[in-house]
Structure formats: structure tokens, C-alpha cells
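Asks: Sequence plus predicted model, see below.
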Amino acid sequence: MSRAIPNLSSADDGQLARPPRPDKESIRETLRSCDNCRRRKARCDGPQRSDRVCTRCSKASIECAYSDNGTRRAVISKSYVEDLEARVAEAETFLRERIPEAVLMQELGAMIMSDSPNVRVDASHSSQEDMVNPITLLTSTERWNYFFGPSSIDPLIRTAADSKDFTSGTDNTATRLIKRPEFWRVPEHELPIPESTFRPQLPPPATLASLVHRFFEVFNLYFPVLHRGLFEKQLLDGQAERDGKFAALVLLVCAIGEAHMDGTSPAYLFPDGQTPGGRFFEQVEPFLRVPTSAVPQLAEVHIFLLAAWYLGLTPSYSATWIHFGTSVQLALQAGAHLRAAYSSQPNLIDELWKRTFWVFYIFDRISSSLKGRPCSIAEDSFDLDLPLDVDDDAWDLSDSENNYPLLASPELHHSSVHGFFMWRIRIYLILGVTLRTLYSSNRSRALMGFVGVDWEQRVIAKLDGFLRDWKVTLPNH
């Protein structure tokens, strides 16, 4: 083989003269693979052989042709490449914000085993915290004291109205309150029943006590939305005769208690031809038309929640979602889903709001998993702490002015019956993660970074670790 000898005659500057470069087109033509190897994307040694027949075609006894000249690649401009790079960077940023798989599973694990389940608090929460305190809403009647999130237009309208008053030097408050009757008048058939005229037909005292006991035994023990001591205290004080909402709540407690009665119950609890609990539920229906308070009250939230549960026990279970959705929206309207809304000093009213919202979460996960439908309450939409692990006798029921604060006795602050409810919340948090990952849509999985051949195995392994941690941390009782 001949060697290229450098031309020394032009090396006056001390450098060797380079041989002339071959034509690019001739290199492309010379080194191009045959048609068969190009289709198979295999290495071709045809251009290096004298007969230009590659080894692969020779062994296969097929023609080694070079008829396909191929399509010359288009010249890509620099601006097009830069645009693609910018779009890729933007997509990567978007996916990182949606949390990649490893970070997501790590945060979900911390969420499940923490007393503050939602640990992903961003700047948007700080703006929510400053907007309203839902617990103060319970005694307020001003429209502006509803909870509004950072994306709501309502605070913007309020600011604009206040700015108009400031710049004009006039007070237009009275003008704002003007309501044209053709748009604001509620038809009589939609009006709630006046609480002052509501006269509930409660069962005899012995039957009432039996139904209340059954309610707290079969429902409230697992979903502690009511405090038994406070409920029975208010019942004995005759609050059902003065407070229409509390009377409706008592009727729903009786309806659920009667619906859960077993066959050994007295016959008068199951009148012939009537659904168990129906005689109590039908009295509450006027309270289920529209919310009666300017600002959602805890009793009102409980009315819609317990009505949804009772309907789930009857042939009218399809109407459950109507009242359940109303109760959830009332709680969100009060801002009960935000940690900053609650007092730094534990009290029973705060605790009942938290328990109620977590019952919403559990009901939502149960229904979504059974029916295979999307969840209504997303984990990233609230940052609520878990309920306190204390028994019902740890609250001072004599101090109503401070919303029944926590007693100072240390012997009352121990792992309680309600600890079961806390660990039940954690297991449903794991169920929520399962629904969010394994059973989500293809688009959601791609946005969360669950891609690849073995993504399901990785997620299942993580979920298995969550379940093991949950089991290990279960209290002995």
C-alpha cells in the first residue's frame, strides 16, 4: 500500500504541507452502504471490497446493489436548533415542577407517615393563609369573609371597589348592597324552613338514647365527626328545641342509628312499610334545599354529610354525591382545608373541623377506588394536620367561650381510641397514592415522570415500603 509523502517544498514556515482534502461528495458515495445493509441498519464492508459486494450479501446470495442514493439531509438552521433547545428546557422545567418519580414517591412517603400529611407547601399557600381565617367565619355574617383562594376574582373586585371609594372620596358601600329583586329573589319553594318554626318529632327518650348510642357505636367510632360528650350535653340542655340545625342533626343521628339497628332491636324501630330511619330523614329535607347560613357552620356541614351517609344506606344511594359534594364545598368555602386557619391553641371545635375534613377525604378515596373514578380532593389542594391523638374526655366542655380547649391533665394526653382514626387516615393516604400512580391516566403518569419499562414495579415496591412502614408504626392497642 502506498503511503502519502509530505511535500516539504512548501514548508517555508516550518510546518508540513497538508495533502489536499478529498471531495465530500466522493467520500459519501464511496463509503455509502449497500441497499440491503442500509435497510437492516447493519455495518457494510462493500465499499472497501474491490468487487463492491459486501460479505452479508455474498453469504445471503443476493444482489449487492447501490441503487438507493438516499435522501440528502436538509440543512438545519441554528435558530431552529436553539428554538428546539429552548422548548426542551421548558418541558424539563415543567416536568420537574410536576415532580419526578423519585422525588414524588419520597414526598408521598413523608406525607403518609407525618402528622402534617401535606408537606409540599409552596408560596401559593402563604397567600391563602393571609386571606381568611375560617374558624372566625363561623360567627360572621359578612359576605367578604368567605374563603377565597389566590386565583379567585372576588378579592380583586373588592379591591377595585375599595380603590374606587378612595379615589372618588365617596363611600359607595350602600350602593354595593343594592340587589335587583328579579335576580336575587329566591322562590318560596326553594326557601329553607325557618328555624324558629321548625318542630322536630323526636322519638321517646328511651328510644332516642338507644338510637344515639347506636350511631356513636357503629358510625362515629370509625368516622368521628361528632363529639359524644358535647352532643349529649347539648341534647340534655334542650338545644334541639331552640336550634333548628341542631334538631336536624339529632334527627339524622336517629336516622343513621335506626338504619344500623340489627334484627334484635324492638319492633317499633322498624314500622311496617317504612325504610328504617326514613321517618326522621324526611323531617330534615327542608334543610337540604340550600345552605341556610351566610357563612358555613360546622352543624350545617354535618347535616349534609350525615344525610349523604344515610342515603348511601337506602335505595336512593345515587343521591349521595349531591349532599356529599355540598358538604365538601361548604367546608372549602369556610377554608377548613388550610392549616393556617386553625388556632395555635388546640380546641374541640377546631378538632371537629379537622376530623370532618379527613372523613371527607376517606369517603372520597373509598368511592373513587370502588367505582374507578377520579378523586375529588387532591393531596396538593390542602395542607391540613392530622387530628390529635387524644380521647374525648380530654376537652374542657365547660369552657364554651374558648371553643372547649384541651385540658391540661397529662394523663389524658395518651394514645386514644381515636388513634385508630389517625392510622386509618394514613392507610387511605396510601390508597390515594395508589390511585394517583398505578391507576392514573397515561398523560398524568407521563407528567409525573412514571415512564419506562419497569415503572410499575418501581412504584409497587415503593407502595409496599409505605405499607410496611405503616404496619410497623401501628400502636400496640
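Replies: Perfect, I can see it now.
Asks: Any regions of the stretch 1-150 of the chain where pLDDT drops low?
Replies: Across the stretch 1-150 of the chain, the ranges flagged by pLDDT under 70 are 1-31, 68-75, 92-93, 95-150.
Asks: let's see 90
Replies: 1-53, 55-150 (pLDDT under 90).
Asks: Let me know the pLDDT of the nearest residue to Lys233 once chain neighbours are set aside.
Replies: Counting by C-beta to C-beta, 6 or more residues apart in numbering, Leu397 is the residue found nearest to Lys233 once chain neighbours are left out, at 6.0 Å. Where C-beta positions appear, they are placed from N, C-alpha and C, glycine not excepted. pLDDT for Leu397: 90.
Asks: In contact with Leu397, which residues are there?
Replies: Going by C-beta atoms under 8 Å, 6 or more residues apart in numbering, Leu397 touches 229-230, 233, 348, 404.
Asks: make it 10 Å
Replies: The contact partners of Leu397, by C-beta atoms under 10 Å, 6 or more residues apart in numbering, come to 227, 229-230, 233-234, 348, 404, 407.
Asks: Among these, which pair sits farthest apart?
Replies: Pairwise distances across the contacts of Leu397 (C-beta to C-beta) peak at 19.2 Å, for the pair Gln234 and Leu407.
Asks: Restricted to buried residues, select the contacts of Leu397 in PyMOL.
Replies: Here is the PyMOL command that selects only those of the contacts of Leu397 that count as buried (16 or more other C-beta atoms under 10 Å):
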select buried, resi 227+230+234+348+404+407
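Asks: hang on, the earlier thing: where does the residue nearest to Lys233 land in three-state SS?
Replies: Using DSSP: H, G, I helix; E, B strand; the rest coil, the secondary structure recorded for Leu397 is coil.
Asks: ok, it to Ala209 distance?
Replies: In this view, Leu397 and Ala209 are 19 Å apart by C-beta to C-beta, to the nearest Å.
Asks: Leu311 now?
Replies: For Leu311, the distance to Ala209 - C-beta to C-beta - is 25 Å.
Asks: What of Thr275?
Replies: Using C-beta to C-beta, which is the criterion applied here, Thr275 is 22 Å from Ala209.
Asks: more neighbours, these two?
Replies: More crowded of Thr275 and Ala209, by other C-beta atoms under 10 Å: Thr275, with 18 against 13.
Asks: In this structure the more buried one contacts Tyr317, no?
Replies: No: look at Thr275 against Tyr317 with C-beta atoms under 10 Å: they stay out of range, at 12.0 Å.
Asks: what do the two both touch?
Replies: Listed as contacting both Thr275 and Tyr317 by C-beta under 10 Å, 6+ apart are Tyr310.
Asks: quick one: contacts of stretch 308-326?
Replies: So stretch 308-326 is contacted by 219, 223, 225, 252-253, 255-256, 258-260, 275-278, 280-281, 284, 288, 290-291, 300-301, 303-307, 327-328, 359-360, 363-364, 367, 376 (C-beta under 10 Å, 6+ apart).
Asks: Show me what counts as buried in that stretch.
Replies: By 16+ other C-beta under 10 Å, the buried positions in stretch 308-326 come out as 308-314, 320, 323-324, 326.
Asks: out of the contacts of Leu397, who's nearest Phe198?
Replies: Within the contacts of Leu397, the smallest distance to Phe198 is 16.1 Å, found for Gln234 (C-beta to C-beta).
Asks: ok, for the closest one, nearest residue in space, not its chain neighbours?
Replies: Nearest non-adjacent residue to Gln234, counting by C-beta to C-beta, 6+ apart: Phe246, 6.3 Å away.
Asks: Tell me where the stretch 151-300 of the chain has helices.
Replies: Residue ranges of the helices in the stretch 151-300 of the chain, as given by DSSP state H, counting those that start in this stretch, are 154-168, 173-176, 181-184, 205-218, 228-236, 239-242, 244-259, 278-284, 298-311.
Asks: do the same with the stretch 351-477 of the chain
Replies: For the stretch 351-477 of the chain, applying DSSP H, counting those that start in this stretch gives helices covering 419-437, 442-447, 455-472.
Asks: For the longest one, name the packing helices and strands.
Replies: Helices and strands touching helix 419-437, as assessed by 3 or more C-beta pairs under 10 Å, 6 or more residues apart in numbering; DSSP states H and E, comprise helix 101-113, helix 348-371, helix 442-447, helix 455-472.
Asks: Out of the ones you listed, point me to the one whose mean pLDDT is lowest.
Replies: Of all the helices and strands packed on helix 419-437, mean pLDDT reaches its minimum on helix 101-113 (a mean of 56).
Asks: Is Tyr222 in contact with Ile366, as I believe?
Replies: No: contact criterion C-beta under 10 Å: Tyr222 and Ile366 do not qualify, at 11.5 Å.
Asks: Contacts only, for Phe281.
Replies: By C-beta under 10 Å, 6+ apart, Phe281 lies in contact with 248, 251-252, 254-256, 258-259, 275, 288, 306-307, 310-311, 314, 316.
Asks: Now do it, the pLDDT please.
Replies: So Phe281 comes in at 90 (pLDDT).
Asks: any idea how far it lies from Val295?
Replies: 26 Å.
Asks: can you count the residues close to Phe280?
Replies: 25.
Asks: ditto for Val295
Replies: Neighbours around Val295, by other C-beta under 10 Å: 21.
Asks: Quick one: low-confidence residue ranges for the stretch 201-350 of the chain.
Replies: By pLDDT under 90, the low-scoring segments of the stretch 201-350 of the chain are 201, 218, 221, 238-245, 258-279, 282-297, 299-300, 311-346.
Asks: Just the endpoints, please. Distance across stretch 279-295?
Replies: Stretch 279-295 has an end-to-end distance of 29 Å (C-alpha to C-alpha, to the nearest Å).
Asks: Now Thr356: closest residue in space, sequence neighbours ignored.
Replies: In space, Thr356 is closest to Val225, 4.9 Å off (C-beta to C-beta, 6+ apart).
Asks: Thank you, goodbye.
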